[in-house]
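K.L.:
sequence and computational prediction follow.
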Amino acid sequence: MTPPGWHPDPGYSGNGPAQERWWDGAQWTGHVRASPGAARRRGIRIGVGVTVGAVVLAAIGGGVYLLGEDGGGPGTAASSPSAVPDPPGAPDGGEKDGEKGGEGNGGENGDGQGPGEQLPPTEPGFATDLAAGISLPVPQGWKGTSGAVGAGLTTGEHACPGDTAETCVRGGVFSAPAAAMKLTAGTPEEAAKKDITLNAQESYGGKSYGKISSHEELKSEAVTVAGGKGYVVRWKVVTEKGDDGYVESLVFPSPTSKDMLVVVRSGFDVNKDAPKLSVLDEITRGIKAASGAGGGAGGAV
């Protein structure tokens, strides 16, 4: 369940500065505000769409780029925003639909924390995705980033082959609820098979690596993750520029909400300096219910 707080506005069209909308735990309210630091994006490319700081996913991909330290993105729940009366506990700051104002709460510190917002628990050695109810194990030498919506692991920063002004990574693993990615397939198998094409394109397509000329399916099978029955699809893709890559889409039910599917996208370069695929398997086996969130045990088989 997505916790109450400021989250990327699910109705944001991409025109103008990104904004956030207050989620009261049951529905989107009429309160909106500019995303903290929306005018200060730095465009660091580390895995598709995980933000540093607030860590709200815009679009999740393995191992390509990050929208920026304070980037915004699409919504975190399947429901659409609607005009509703002010609920008890709604924020005093920010704006309502139709009102004109500045950045509202959050200011220039970029912490993205609104009144009443729940921040992810701190657990040594793990990156926590609070909305999905999971924690990802952080391999030695990797960077792990927790967030209210989404979590990420990255390693091996380097200049993108197709655009050296941007930064790519040798390996990236990112999670989010399926609804945050607008992935509506019914079963984990259906969702994973649908997502892998998007993952491949966002991770190794575009100007960073050029087009993908071909792919080979390496894995397509059922898997148990964090106590739930999921599905994983892994491809090796051939790119136009730079290294080829391995991409993987893993989908499984949240250990804290069986009606919610969680998507974990991964991307590893095919390069001597990139992590081995065995590291990706270790990460999958180590995914568990977030500390204090209840739910199933960790591990994958």
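P.N.:
Great, that's in hand.
K.L.:
this structure: helices as residue ranges?
P.N.:
In the chain, the helices defined using DSSP state H lie at 188-204, 206-209, 277-286.
K.L.:
mind putting the ones you listed in a markdown table, mean neighbour count and distance to G5 included?
P.N.:
C-beta coordinates here come from the backbone N, C-alpha and C atoms, glycine included. Listed next are these as a markdown table, based on neighbours: other C-beta atoms under 10 Å; distance: least, C-beta to C-beta, whole Å:
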| stretch | mean neighbour count | distance to G5 |
| --- | --- | --- |
| helix 188-204 | 23 | 26 |
| helix 206-209 | 20 | 31 |
| helix 277-286 | 18 | 27 |
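K.L.:
out of those helices, flag the one nearest F252.
P.N.:
helix 188-204 (5.6 Å; C-beta to C-beta).
K.L.:
so which elements touch that closest one?
P.N.:
Judged by 3 or more C-beta pairs under 8 Å, 6 or more residues apart in numbering; DSSP states H and E, the packing partners of helix 188-204 are strand 212-225, strand 228-239, strand 245-254, strand 257-269.
K.L.:
okay, now the sheet partners of the third one, with direction.
P.N.:
By that I understand strand 245-254. Taking DSSP bridges as the criterion, strand 245-254 pairs within the sheet with strand 228-239 (antiparallel), strand 257-269 (antiparallel).
K.L.:
residues of the shortest one that come out buried?
P.N.:
Okay, so that is strand 228-239. Buried positions in strand 228-239, judged by neighbour count with 16 or more other C-beta atoms under 10 Å: G228, G230, Y231, V232, V233, R234, W235, K236, V237, T239.
K.L.:
turn the helices of the chain into a markdown table, including mean pLDDT and distance to S135.
P.N.:
Converted to a markdown table, those look like this (pLDDT from 0 to 100; distance: least, C-beta to C-beta, whole Å):
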| stretch | mean pLDDT | distance to S135 |
| --- | --- | --- |
| helix 188-204 | 93 | 19 |
| helix 206-209 | 82 | 29 |
| helix 277-286 | 96 | 9 |
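K.L.:
need those helices in a markdown table with distance to C160, can you?
P.N.:
Formatted as a markdown table, the helices of the chain follow (distance: least, C-beta to C-beta, whole Å):
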| stretch | distance to C160 |
| --- | --- |
| helix 188-204 | 11 |
| helix 206-209 | 4 |
| helix 277-286 | 21 |
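K.L.:
nearest to H31, of these?
P.N.:
helix 188-204 (30.6 Å).
K.L.:
ok and that closest one relative to strand 245-254, angle-wise?
P.N.:
140 degrees (axes from the mean of the first three to the mean of the last three C-alpha atoms, to 10 degrees).
K.L.:
so what touches helix 188-204?
P.N.:
Residues outside helix 188-204 that contact it (C-beta atoms under 8 Å, 6 or more residues apart in numbering) are 48, 59-64, 172, 178, 181, 183, 185, 212, 215, 220, 222, 229-235, 237, 239, 244-245, 247-253, 261, 263, 265, 267.
K.L.:
and that helix with strand 212-225, angle?
P.N.:
140 degrees.
K.L.:
wait, isn't G286 in contact with G144?
P.N.:
No: in this structure G286 lies outside contact range of G144 using C-beta atoms under 8 Å: 11.6 Å.
K.L.:
list residues touching both of these two?
P.N.:
Shared contacts of G286 and G144, defined by C-beta under 8 Å, 6+ apart, are found at L136.
K.L.:
shaky segments in this structure?
P.N.:
1-2, 11-18, 24-25, 34-122, 292-301 (pLDDT under 70).
K.L.:
count residues in the vicinity of T154, would you?
P.N.:
25 (other C-beta atoms under 10 Å).
K.L.:
tell me the spacing between it and H7.
P.N.:
T154 sits 22 Å away from H7, taking C-beta to C-beta, to the nearest Å as the criterion.
K.L.:
what do you get for S175?
P.N.:
16 Å.
K.L.:
now do K272
P.N.:
For K272, the distance to H7 - C-beta to C-beta - is 40 Å.
K.L.:
for G147, same thing?
P.N.:
10 Å.
K.L.:
for G150, same thing?
P.N.:
10 Å.
K.L.:
who has more neighbours out of these two?
P.N.:
More neighbours surround G150 than the other of G150 and H7, with 31 against 27 (other C-beta under 10 Å).
K.L.:
wouldn't the more buried one be in contact with D129 here?
P.N.:
Yes: the pair G150 / D129 is scored as a contact, 5.6 Å apart, by C-beta under 8 Å.
K.L.:
could you name every residue contacting both of the two?
P.N.:
S175, A176.
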